[in-house]
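Asker: kindly generate the corresponding structure for this input.
(chains A and B)
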Amino acid sequence: MLKNYIKIALKVLGRRKFFTFISLFGISLTLVVLMVATTVLDNVFAPRAPESKFDRVVGVYRLGMYGPNFNSTGNPGYRFIKEYVLGLPGAEATSVFSNQSMLAMYHEGRKIDTHLRRTDGAYWQILDFEFVEGGPYTEADNENASFVAVITDDMRTKLYGRGVSALDKTFEADGQRFRVVGVVRAVPITRLVGFSEIWAPIRTLKTREYERQWMGGFGGIVLARKRGDLEALRSEFKRRTSAFVFDDPKMYNRIEAGLDTPFESAARNLLGNQVKGNRALVLQLILGGMALVFMLLPTMNLVSINLSRIMERASEIGVRKAFGASSRTLVAQFVVENIVLTVIGGLIGFVLSVAFLAALSRAELIPYAVFDVNLRVFLYGLLLAVFFGLVSGVYPAWRMSRIQAVNALRGGAL
Amino acid sequence: MIRHLLKLVWNRKRANALIVAEIFVSFLVVFAVLTGAVAVAGGWGKPIGFQWQNVWDVSMDFDIDGGQKASPELHASVMRMLDEVRALPQVAAASVSNTPPYAFSTTEGRRNINGKDVTVIIDDVTSGFADTMQMKVVRGRWFNEDDEISQHWPVVVDTNFVKEVYGNADPIGQKFEEDENLFHQIVGVVEPYRKDGETSAPMNMMFRHVANNGKHGRLGSHILLRMQPGTSPQFEVELASRLRQVAPEVSFDVRQMERMRTNMLRTRLAPLVAGGIVGLFLIGMVSLGLTGVLWQNVTRRTREIGLRRAMGASGTRVHRQILAEVAVLATIAVVIGSIIVWQLPVLGAFSFVSPSAFTLGFAGALATIYGLTLLCGLYPSWLASRLQPADALRYE
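Answerer: Residues are numbered from 1 along each chain as shown, chains lettered A, B, ... in the order given. Predicted coordinates:
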């Protein structure tokens, strides 16, 4: 039966080429836009190397301090991470790191614009970088303020030339001379914790001023032993920070911080601390709502085209009804036809998306980002296509099933 | 005539409702994209209140907490760096700033001044800022040595601020409270300043003075330098090493404002370009769909059209009838759309867009929608006008 429906569907598609073209054009381009958006989101938020353990990592990326006259929100300071995140009971590992700061290096008379992030030793255990040569520095290097650094392969090419080993070579950044101990594969700029081009120990900072600061410039992450531990870690953090002692209660008397996944952190940034409750869910609903609104026009378009098509086939439907086909059979047939159409459109859209994303990666609009369509995104796309087909097929099919056989056979008004 | 058309449209209300809904949503999309584009394009030509050419930015790596002051040591280091760059022959002027143009940082505050609640954008600058950014003072004066020892905290504001707070009254010498027992005094007024340049909406700007001696003011983390025209980019290397000599404890990065500007424009325009492309694609798809549906309608009404022709209506009149029906559909959609769109200013949802941009965007959307729907109707109605009455009447 299903085979028959699909056969009919393909025949119908070939009959009215203009309509088929409009439908496929709309479906495939809509899916291209949605799939490109999904891929970009997946690239930013899904656990991918070097953040592949991030399905069980949460972090503090933003801190809000509130008082009667001043409000201050931004990245937490080193002191906050050290006292409230490092060594959180129940965690497998904890780490503190600075934001990547923009840096102009002057190497052999050339200017190189780059990014530098300072980290502790545990950072290298929680994140899994792919080392091209050498290895990470350790917590002992950090304690001793050794001037050692890890750089990306891209940075190695810029500094020393293509394919030249960088181990034990030195470079000067911000007036300090570092020795290269490891080279890693370049990281996309979209990675919240993993991105940088040069990494060096925190203790190599020029002053120890940062140790006094509650606010500014740092972040901290916590690795749970298993995913189920995350809730316990969050409540432990909440318990710890509820006992926060304020330096000057007249200035600040309330803080707002939480252990977030990268997506929750984006939700906190976009929606602000004022939005209480499940911010991640709110952001998901907003994104989903935007996708639905975007799909509204193509869906309406498809519905009206489908309606037109059905009217054309009135006599066929009349014959089938006269021979005893039930409404339900007709609805099923038409919905299957429509899903065949949307899946074909979806496949075209998928091919176009892959091509577009490859072009986007090559254009290097987003440094080091490689937008590849993985199985997860492909499944999302397929799901969207089927959803699209169902939504745009059901109403026309219902209208079709209500056609009076007598009128339809006469070819008159429906 | 119009009543007759409405009747025709009403008779096929089910099929037409979908078309109307599609045109309605398209109208909203076109309106949103056009209004955004007009708002940006309108701001593009207007003066921004400063000159970014040949400005370099030494961006220092320190954060000072909201209400706190910089430590005396840090303040001294930054002032040493400022003195050092001002002595260089390549540097025409230099100043400390906290939130310079194109730097993706903004200080915004709500103040009650002169009985009015206003939102002000704030930058904290030293006396050299007007020369560095080449700003024009229209009233009073820019900061000078007298301000170093002023008992109040001197500020310079822009004309937008004055218009909003003082109207036509003279703002020079006016005082307002910043904090308990701490008063600002306006010493000068500059031309409207748009902090982030071409893509900035109009703002009320206030520059707070930073005293070199640390008496008042909040130390910023940028040193801006106006370079002599023709300074080689290679000079950055020497600049950086000199600054490191006088302040080895400060981390910094040297950038050219031209690059910061390109970066900001790209970031601000990208959503508009993406929205435009998506909007264009949606509209293209709807136009194709509309053409298809109208075509189908004409085929289905072959007998009706044949009857009209047989009764003596010319091809042109049939042509006109079909187009008029499309126009009626578009009008219904546009009227509903307009009712919704004109609620936006009432709700204050579009407050960041000037009324003229709003009106232009609206007019543009009207023109686009009517133009497109008529274009879509053109081919199907031409087909209808070519039907031969004899064939049409026989049509099954």
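Asker: residues from the stretch 1-150 of chain A in reach of chain B?
Answerer: Contact residues of the stretch 1-150 of chain A with respect to chain B, defined by CB under 8 Å from any CB of the partner chain, are listed as A:18-19, A:22, A:25-26, A:29-30, A:33, A:65, A:67, A:69-72, A:74, A:77, A:101-104, A:106, A:109, A:111. All C-beta atoms are positioned from the backbone trio N, CA, C, and that covers glycine.
Asker: make a ChimeraX selection of whichever of those residues turn out to be buried.
Answerer: Remark: buried members of the residues of the stretch 1-150 of chain A next to chain B, expressed as a ChimeraX selection using 16 or more other CB atoms under 10 Å in any protein chain shown:
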select /A:19,22,25,26,29,30,33,65,67,72,77,101,103,104,106
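Asker: wait, does the top helix by length along chain B contact chain A?
Answerer: Ordering each helix of chain B by length in residues (DSSP state H) puts helix B:257-300 first. Yes - against chain A, helix B:257-300 shows contacts by CB under 8 Å from any CB at B:278, B:281-282, B:285-286, B:288-289, B:292-293, B:295-297, B:299-300.
Asker: which pLDDT value belongs to residue B:101?
Answerer: Residue B:101 carries a pLDDT value of 92.
Asker: swap that for residue A:128, sorry
Answerer: pLDDT, residue A:128: 93.
Asker: contacting residues for it?
Answerer: A:49-50, A:52-53 (CB atoms under 8 Å, 6 or more residues apart in numbering or on different chains).
Asker: how about the helices in chain B?
Answerer: With DSSP H as the definition, chain B shows helices at residue ranges B:2-11, B:13-44, B:72-86, B:129-133, B:159-165, B:235-246, B:257-300, B:302-310, B:315-341, B:343-347, B:355-385, B:389-394.
Asker: correction: the previous question concerned the stretch 201-350 of chain A.
Answerer: Along the stretch 201-350 of chain A, counting by DSSP state H, counting those that start in this stretch, helices occupy A:230-242, A:262-271, A:279-312, A:314-322, A:327-363.
Asker: give me the mean pLDDT for the helix or strand immediately after the last one in the chain.
Answerer: Right, the one you point to is helix A:327-363. Using DSSP states H and E, the next helix or strand after helix A:327-363 towards the C-terminus is helix A:375-401. Averaging the model's pLDDT scores along helix A:375-401 yields 80.
Asker: is residue 113 in a bridge, and if so with what?
Answerer: If you meant another chain, say so; for now it's chain A. Beta bridges link residue A:113 to residue A:104 when assigned by DSSP bridges.
Asker: if you could check chain B rather than the one you did, that'd help
Answerer: Here residue B:113, judged by DSSP bridges, has bridge partners residue B:116.
Asker: same thing with the one 10 residues further on?
Answerer: Residues in a beta bridge with residue B:123, per DSSP bridges, are residue B:207.
Asker: wait, it sits on residue B:98?
Answerer: Yes - assessed by CB atoms under 8 Å, residue B:123 is found in contact with residue B:98 at 5.8 Å.
Asker: anything in contact with each of these two?
Answerer: Contact criterion CB under 8 Å, 6+ apart; residues bridging residue B:123 and residue B:98 by contacting each: B:107, B:220.
Asker: who has more neighbours out of these two?
Answerer: The neighbour count for residue B:123 versus residue B:98, taken as other CB atoms under 10 Å in any protein chain shown, is higher for residue B:123 (24 against 21).
Asker: that older thread, of the helices of the stretch 201-350 of chain A, which is nearest residue A:197?
Answerer: The minimum distance between residue A:197 and the helices of the stretch 201-350 of chain A falls on helix A:327-363, with 18.2 Å, by CB to CB.
Asker: do that closest one and chain B meet?
Answerer: No - under the criterion of CB under 8 Å from any CB, chain B is not reached by helix A:327-363; the shortest gap measures 11.4 Å.
Asker: packing partners of that helix?
Answerer: Under the contact criterion of 3 or more CB pairs under 8 Å, 6 or more residues apart in numbering or on different chains; DSSP states H and E, helix A:327-363 touches helix A:2-15, helix A:17-45, helix A:314-322, helix A:375-401.
Asker: off-centre distance for that helix?
Answerer: Remark: helix A:327-363 is offset 23 Å from the chain centroid, using CA atoms, centre = their mean, to the nearest Å.
Asker: what angle separates it from helix A:279-312?
Answerer: Angle between the axes of helix A:327-363 and helix A:279-312 is 120 degrees (criterion: axes from the mean of the first three to the mean of the last three CA atoms, to 10 degrees).
Asker: buried sites along helix A:327-363?
Answerer: If you call a residue buried by 16+ other CB under 10 Å, then helix A:327-363 has these buried ones: A:330-350, A:352-354, A:356-357, A:360-361.
Asker: in chain A, what residue lies closest to chain B?
Answerer: Proximity to chain B, evaluated over chain A using CB to the nearest CB, is greatest for residue A:216 at 3.2 Å.
Asker: hey, which of the helices of chain B is tucked in deepest?
Answerer: The highest average neighbour count among the helices of chain B, using mean count of other CB atoms under 10 Å in any protein chain shown, belongs to helix B:129-133 at a mean of 22.
Asker: show me the contact partners of that helix.
Answerer: Outside helix B:129-133, the residues that touch it by CB under 8 Å, 6+ apart are B:50-52, B:55, B:92-95, B:97, B:101, B:123, B:135, B:137, B:142-143, B:156, B:190, B:207, B:224-226.
Asker: I'd like the average pLDDT over that helix.
Answerer: Here the mean pLDDT over helix B:129-133 is 94, rounded to a whole number.
Asker: right, and residue B:294 touches residue B:375 too?
Answerer: No - under the contact definition of CB under 8 Å, residue B:294 does not touch residue B:375, with a separation of 10.9 Å.
Asker: low pLDDT regions in the stretch 1-150 of chain B?
Answerer: Residues of the stretch 1-150 of chain B that meet the criterion pLDDT under 70 lie in B:63-68.
Asker: 80 instead?
Answerer: B:1-2, B:8-9, B:11-15, B:42-43, B:45, B:62-70, B:108-109 (pLDDT under 80).
Asker: got it, and the stretch 251-400 of chain A?
Answerer: With pLDDT under 80 as the threshold, the stretch 251-400 of chain A has low-confidence stretches at A:251, A:272-277, A:309-316, A:363-370, A:372-378, A:380-382, A:384-385, A:388, A:399-400.
Asker: kindly report the residues of it close to chain B.
Answerer: Within the stretch 251-400 of chain A, the positions lying close to chain B (CB under 8 Å from any CB) are A:251, A:294, A:296-298, A:300-305, A:307-308, A:311-312.
Asker: before we move on, back to that, quick one: buried ones out of the contacts of helix B:129-133?
Answerer: Buried subset of these (neighbour count, 16+ other CB under 10 Å): B:50, B:52, B:55, B:92-95, B:97, B:101, B:123, B:135, B:142-143, B:156, B:190, B:207, B:224-226.
Asker: quick one: least confident of the contacts of residue A:128?
Answerer: Lowest-confidence member of those: residue A:49, scoring 82 (pLDDT).
Asker: wait, it sits on residue A:130?
Answerer: Yes - the pair formed by residue A:49 and residue A:130 meets the contact definition of CB under 8 Å, at 6.6 Å.
Asker: ok, these two, which is more surrounded?
Answerer: Applying other CB under 10 Å to residue A:49 and residue A:130 shows that residue A:49 carries more neighbours, namely 15 against 12.
Asker: how close does that one get to residue A:182?
Answerer: Distance, residue A:49 to residue A:182, by CB to CB, to the nearest Å: 16 Å.
Asker: now do residue A:59
Answerer: Taking CB to CB as the criterion, residue A:59 is separated from residue A:182 by 23 Å.
Asker: try residue A:67
Answerer: Taking CB to CB as the criterion, residue A:67 is separated from residue A:182 by 43 Å.
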